[in-house]
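A.B. asks: please work out how this folds:
(2 chains, ligands or ions: 1)
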Amino acid sequence: MSFDKIRQKLSILADAAKYDVSCSSSGGKRSNNKKGLGNNTGFGICHSYTEDGRCVSLLKILLTNHCIYDCAYCVTRKSNDIKRAAFKIQEVVDLTIHFYRRNYIEGLFLSSGIFKNSDFTMERLVSVAKKLRLEENFNGYIHLKSIPGASDELMREAGLYADRLSVNIEIPTKSGLKLLAPDKKHEDFIKPMEKVKNEILQYKAERKIIKSTPRYAPAGQSTQMIVGASGESDRDIMYSATYYYKKFNMRRVYYSGYIPVINDNRLPSLGTEVPVLRENRLYQTDWLLRFYGFSVSEILNDTHKNLDLDIDPKLSWALRNLHLFPIDINKADKQMLARIPGIGMQSVFKILEARKFRNLDWTHLKAIGIAMNRAQYFITCNSKDFYKQDLSSYDLKNKILKSSKSKYDKYFNSQLSLFS
Amino acid sequence: MNPQTILIYDGSFDGFLSCVFFVYHHKITNPIIRKESEANNQLFTITEDIITDKNNALRVWKGLLLKTSRHQQQDFFKAFLSEIKGVENTLLSYIQNIFTKETSTGIDFSNKDILKISQVAKMVGREKHRMEAFVRFQLTKDAIYTATVEPDFNVLPLIIPHFKDRYADQKWIIYDIKRNYGIYYNLKTIETIAIDSFSKTKFKISSDLLLPEEKDFQKLWSTYFNSVTIKSRKNNKLHKQHLPKRYWKYLIEKTQ
Ligand code: SF4
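C.D. replies: Okay, here's the model as predicted:
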């Protein structure tokens, strides 16, 4: 192959794909039992890290950045004056194999601009995966993007070769979508998701009866939303996320702080800072919903539409519900323990184990590794001392903030000085 | 004062287990177990050179299998591979502790040897994962995917299953420059090899041994790596935390 040409394409089509934040390569279930190439059974490996600190696990590229659509938030949109390129199917297959054999990657994450129409595009993505599996005997990880509007037949085939499928919602609200991607229809996103969900359910049911049922997208499906492009609230985002988790059995929803790529009066202007901290708070919320037993309306609702930036969402919830505290560490049930600020799920398990043997006091709790600077005000334990004071939530918050140094402090210094 | 006995062995795991066998067989109290490569400058000692004996080693290992869980056995082996000075004696005292107990359930987790071993095993485990991530193969003219590494601990034995399973249809070598040995997969089994042309200063695979297009693939990989960074989110501290500098010289994307 002509390396120079490939290199040019690669730099264009990797650059255009980097805004997709998902890098997960875990959850697959393909072992290498026929002495072929590769496996993906456990957790994915990060083979490198970008200079912005993100995991490099997959060869993440677009098949092409030609696109018939004009979504305002996207570098690839048709009206943007950029260099265009397109890989041939075989080129992507070769690149994946050569990189994989050198232990650079866990597999391929292939997305694409939409050229001609949805099915024409999806068909090409599917044939890359198919070639890798059938011709190259490749068992590494494959993540394919489901192209909005793709037909059921193609989505069915896609799942036979891919480990994960995803459609990016990108814009969490329908009104935002209308504004920023006027020629895209909400239903077009839903259709492939619905199909993938049903196929996975069907596969699971059939598998119980017939062991040899061909596997379907073992790592499930995921989606991504852009944060801070269309003036949506955190409430809008998390309510959408909850909807997609429930309705389509999403394995993951990703949140991606909007990176200004063009001057467009519908969008934040170029040079606007990426909302990294907000993104982080959304991930924390996502975590609380999935693993800590919170329901979304407890954290975000009509009176509380946006997450606090200066404190994490659990602490924020606790400060709004001081009447539920203090909690007795030696008596409270698992659910309640998980709601204490500064106590993570791992500590919850350790507390439950340890208190079978003895009543826990402050030294035990420190040894277990809970974040005392936050937790101490919300709990009692086997000790006469306790730190809960009759402080208003405002005073308590300030007290806690003073005692903790956040890695995000730099984002606040400038803001605080505005008010002093 | 009784002179202390120093047992000297060849540095292999079997060699170490042979020392343990010797300790039991000759009822030696408070010995020091040391690799022959470590300097000795102690006075008033008796030195015994222990010859590695596979059968004796196996007898000790079998005894250990009966008394420990799989996880403990793995930790034991990992701790040995750390090559931390004196780890042999921690492991010996751990064995002695276990062999005096009747059942395998009564292990005391406040025991300092056990704590130490599990901590060291964790460090070694982390290095194993790093090697699984940071090995970069280069294709040689004789069609072997070859990589050189310099791990903090002696982790090659631990990464064999991973690479053997993943790259079952290609020949490969992973060579530890620091310890001057490598593992070679010949499409069937793993062999241990030594290659004289490598040394601490000559850790790179000479380019006339490589396939001509190897450099092109490396360039492609660097191109890819450079294209995926989002400049407006650059965070060097995080970058170095995940990708410590001491590994850079073996990472194609950080050297080109
Ligand atoms: S369809 Fe996809 S690639 Fe095309 S402009 Fe919209 S978001 Fe970008």
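A.B. asks: contacting residues for B:Gly11?
C.D. replies: Going by Cβ atoms under 8 Å, 6 or more residues apart in numbering or on different chains, B:Gly11 touches B:Lys35, B:Glu36, B:Ser37. The C-beta positions use only the backbone N, C-alpha and C, and glycine is treated the same way.
A.B. asks: in helices, which of those residues appear?
C.D. replies: The helices, defined by DSSP state H, take in nothing from those.
A.B. asks: scan those and report the most crowded one.
C.D. replies: In terms of neighbours by other Cβ atoms under 10 Å in any protein chain shown, the contacts of B:Gly11 top out with B:Lys35 at 15 neighbours.
A.B. asks: how much space separates it from chain A?
C.D. replies: To chain A, B:Lys35 is 31 Å away according to Cβ to the nearest Cβ, to the nearest Å.
A.B. asks: low-confidence ranges, the stretch 101-250 of chain B, go.
C.D. replies: Along the stretch 101-250 of chain B, segments meeting pLDDT under 70 span B:101-111.
A.B. asks: apart from its chain neighbours, what residue comes closest to the residue most central in space within chain B?
C.D. replies: The C-alpha lying nearest the average C-alpha coordinate of chain B belongs to B:Asn154 (Cα atoms, centre = their mean; 1.9 Å). Closest residue to B:Asn154 apart from its sequence neighbours, by Cβ to Cβ, 6 or more residues apart in numbering or on different chains: B:Leu81 at 4.5 Å.
A.B. asks: for the one you found, which residues are in contact?
C.D. replies: Applying Cβ under 8 Å, 6+ apart, the residues near B:Leu81 are B:Val124, B:Phe153, B:Asn154, B:Val155, B:Pro157, B:Leu158.
A.B. asks: helices of the stretch 201-350 of chain A, start to end?
C.D. replies: Ranges of helices within the stretch 201-350 of chain A are A:234-248, A:276-291, A:296-299, A:313-320, A:334-337, A:345-354, based on DSSP state H, counting those that start in this stretch.
A.B. asks: which of those sits most buried?
C.D. replies: helix A:313-320 (a mean of 22; mean count of other Cβ atoms under 10 Å in any protein chain shown).
A.B. asks: buried residues in stretch B:3-21?
C.D. replies: Using 16 or more other Cβ atoms under 10 Å in any protein chain shown as the test for burial, stretch B:3-21 gives B:5-9, B:11, B:13-21.
A.B. asks: and the furthest pair within these?
C.D. replies: Spatial extent of the buried residues of stretch B:3-21 (Cβ to Cβ) is set by the pair B:Thr5 and B:Phe13 at 20.9 Å.
A.B. asks: tell me how far B:Leu92 lies from B:Lys112.
C.D. replies: 14 Å (Cβ to Cβ, to the nearest Å).
A.B. asks: more neighbours: which of those two?
C.D. replies: Using other Cβ under 10 Å as the criterion, B:Leu92 and B:Lys112 rank with B:Leu92 on top: 20 against 11.
A.B. asks: could you confirm the more buried one falls within a strand?
C.D. replies: No. Applying DSSP: H, G, I helix; E, B strand; the rest coil, one finds B:Leu92 to be helix, outside a strand.
A.B. asks: correct me, but it touches B:Val20?
C.D. replies: Yes. At 6.0 Å, B:Leu92 counts as touching B:Val20 under the criterion of Cβ atoms under 8 Å.
A.B. asks: quick one: end-to-end distance for stretch B:241-254.
C.D. replies: 15 Å (Cα to Cα, to the nearest Å).
A.B. asks: go through it and flag the buried ones.
C.D. replies: By 16+ other Cβ under 10 Å, the buried positions in stretch B:241-254 come out as B:His242, B:Leu243, B:Tyr247, B:Tyr250, B:Leu251, B:Ile252, B:Glu253.
A.B. asks: just these that are near chain A?
C.D. replies: Filtering the buried residues of stretch B:241-254 for neighbours of chain A using Cβ under 8 Å from any Cβ of the partner chain leaves B:His242, B:Leu243, B:Leu251, B:Ile252, B:Glu253.
A.B. asks: tell me who's in contact with the third one.
C.D. replies: If a contact means Cβ under 8 Å, 6+ apart, then B:Leu251 has A:Ser48, B:Phe134, B:Arg136, B:Leu243 as its contacts.
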